[in-house]
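Asks: model this:
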Amino acid sequence: MVSIPLRETSPCIELTEVDYVVAGRRVFSGLNLAVPRGCIASIMGPSGTGKTTLLRLLTGEVSAARGRVCVEGRDVSSLSVYALYAMRLKMGMLFQQSALFTDLNVFENVAFPAREHTNLTERLIRLLVLTKLHSVGLRGAAGLMPFELSGGMARRVALARALVLDPPILFCDEPFTGLDPIAIGVVSRLLRTINRALGITIVVVSHDVSEAETLADTHFILVDGKVAASGSPRQLHESDSALVRQFMSGSPDGPVPFHYPAPDYYEHLLGMPS
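Replies: Numbers count the residues shown, from 1 in each chain. Just a heads-up that it's a prediction; the model follows:
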């Protein structure tokens with residue numbers, strides 16, 4: 001009788017009491033966050049709350065001033081350069097603006113990680129690239145250049161490139177920015193399909209509340225350097241935090257002010273005391 005191993009219950013990603021400061025500004029202060037293995041998690045919050053910075057911490061691009069940033073049970077800050085690069089091979093990254101190489105066609109963009117990090121033959125690379133392009137519906141666009149692609153097509157090519165080495169973790173930085181509703185639906189469906197079919201952990205940074213609600217299994221709202229709320233969309237809408245409710249509803253009125261802090265308007269405008 002063959003025994004089937006139980007699915008691991010430890011978090012795929014875990015941040016514990018993390019502090020991060022840049023240019024004298026405290027971005028995170030005692031941040032605690034855990035992403036279950038194999039789920040889709042959305043990271044949301046007002047602009048400037050450190051959502052993209054969180055991805056930089058997870059990939060080891062920057063290091064926390066205090067606390068632990070663990071990916072697959074390993075503290076990222078304790079890794080050697082070699083071990084960090086090895087860990088990054090287990091991560092796919094879907095960049096906000098796709099970040100395709102402008103001088104390479106679609107095929108070569110997707111093939112780039114395989115050429116850079118494996119010793120696969122050209123025949124195997126061709127099979128791998130065409131398989132990934134087929135999975136995002138763009139096998140027929142293999143010979144096109146990035147400037148010939150629509151925004152949605154470019155995002156799908158970038159997704160194929162992020163998945164070409166079959167990483168167990170996929171990071172998506174604002175994957176819906178600049179896309180029309182149809183393209184958003186296509187990218188969202190692809191992410192759900194990939195997660196369900198392959199069981200990979202997907203972390204999505206997004207401002208698109210409605211799409212994140214549909215896509216993700218769990219949600220985290222970052223405010224003032226901490227997780228202000230987490231859970232299902234219903235739990236977030238019913239949060240005790242007025243700021244979280246304002247963000248989820250998109251209301252212009254609430255704790256997040258319209259005006260950036262400034263001197264008295266009359267005094268500032270006329271250069272004289274009120």
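Asks: First-to-last residue distance for stretch 245-260?
Replies: 21 Å (C-alpha to C-alpha, to the nearest Å).
Asks: Mind checking the pLDDT average for it?
Replies: Taken as a whole, stretch 245-260 carries a mean pLDDT of 71.
Asks: repeat for stretch 154-164
Replies: On average, stretch 154-164 scores 95.
Asks: swap in stretch 169-185?
Replies: The pLDDT scores in stretch 169-185 average 90.
Asks: got the domain boundaries for the chain?
Replies: Domain assignment of the chain by automatic domain parsing yields the ranges 30-90+168-274, 102-166.
Asks: Make CSV from those domains and add mean neighbour count and distance to Glu17 to it.
Replies: The way it works is simple: take the backbone N, C-alpha and C, and place the C-beta from them, glycine included. Shown next, in CSV, are those (neighbours: other C-beta atoms under 10 Å; distance: least, C-beta to C-beta, whole Å):
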stretch, mean neighbour count, distance to Glu17
domain 30-90+168-274, 16, 4
domain 102-166, 17, 30
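Asks: mean pLDDT for those: which is lowest?
Replies: domain 30-90+168-274 - the lowest mean pLDDT of the domains of the chain, at a mean of 86.
Asks: and after the longest helix along the chain, which helix or strand comes next?
Replies: Using DSSP state H to define each element, the chain has its longest helix at helix 181-198. With elements assigned by DSSP states H and E, the helix or strand that comes after helix 181-198 is strand 201-205.
Asks: counting contacts, what elements does that next one pack onto?
Replies: strand 40-44, helix 51-58, strand 169-173, helix 181-198 (3 or more C-beta pairs under 8 Å, 6 or more residues apart in numbering; DSSP states H and E).
Asks: In its sheet, which strands sit next to it, and in what direction?
Replies: When pairing is defined by DSSP bridges, strand 201-205 lines up against strand 40-44 (parallel), strand 169-173 (parallel).
Asks: Would you mind giving the ones you listed as JSON lines with distance to Phe95 added?
Replies: Converted to JSON lines, the strands paired with strand 201-205 look like this (distance: least, C-beta to C-beta, whole Å):
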{"stretch": "strand 40-44", "distance to Phe95": "15"}
{"stretch": "strand 169-173", "distance to Phe95": "6"}
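Asks: Tell me which of those strands approaches Val81 most closely.
Replies: Closest of these to Val81 is strand 169-173, at 19.6 Å (criterion: C-beta to C-beta).
Asks: contact partners of the closest one?
Replies: 12-13, 52, 55, 58-59, 71-72, 90-96, 162-163, 191, 194, 200-206 (C-beta atoms under 8 Å, 6 or more residues apart in numbering).
Asks: now swap in stretch 109-123 and tell me
Replies: Residues outside stretch 109-123 that contact it (C-beta under 8 Å, 6+ apart) are 89, 100-101, 104, 125, 128-129, 132-133, 146, 157-158, 160-161, 164-165.
Asks: where do the helices sit along the chain?
Replies: Under DSSP H, the chain gives helices at 51-58, 81-88, 106-117, 122-135, 151-163, 181-198, 209-215, 233-237, 242-249, 265-270.
Asks: so how far is the third one from its chain's centroid?
Replies: The gap between the average C-alpha position of helix 106-117 and the chain average comes to 21 Å, counting by C-alpha atoms, centre = their mean, to the nearest Å.
Asks: Over to the shortest one?
Replies: Per C-alpha atoms, centre = their mean, the displacement of helix 233-237 from the mean C-alpha position of its chain is 21 Å.
Asks: Could I have the CA atoms of that helix written out in CSV?
Replies: This file holds the C-alpha atoms of helix 233-237, laid out as CSV (Å, rounded to 0.1, in the frame of the first residue of the first chain):
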residue,chain,number,x,y,z
PRO,A,233,-13.5,40.0,2.1
ARG,A,234,-16.5,40.0,4.4
GLN,A,235,-14.3,40.2,7.5
LEU,A,236,-12.4,43.1,6.0
HIS,A,237,-15.5,45.0,5.1
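Asks: Now do that helix: which elements does it pack against?
Replies: Using 3+ C-beta pairs under 8 Å, 6+ apart, helix 233-237 sits against strand 218-223, strand 226-231, helix 242-249.
Asks: Describe which strands the first one pairs with in its sheet and in which direction.
Replies: The reference is to strand 218-223. strand 40-44 (parallel), strand 226-231 (antiparallel).
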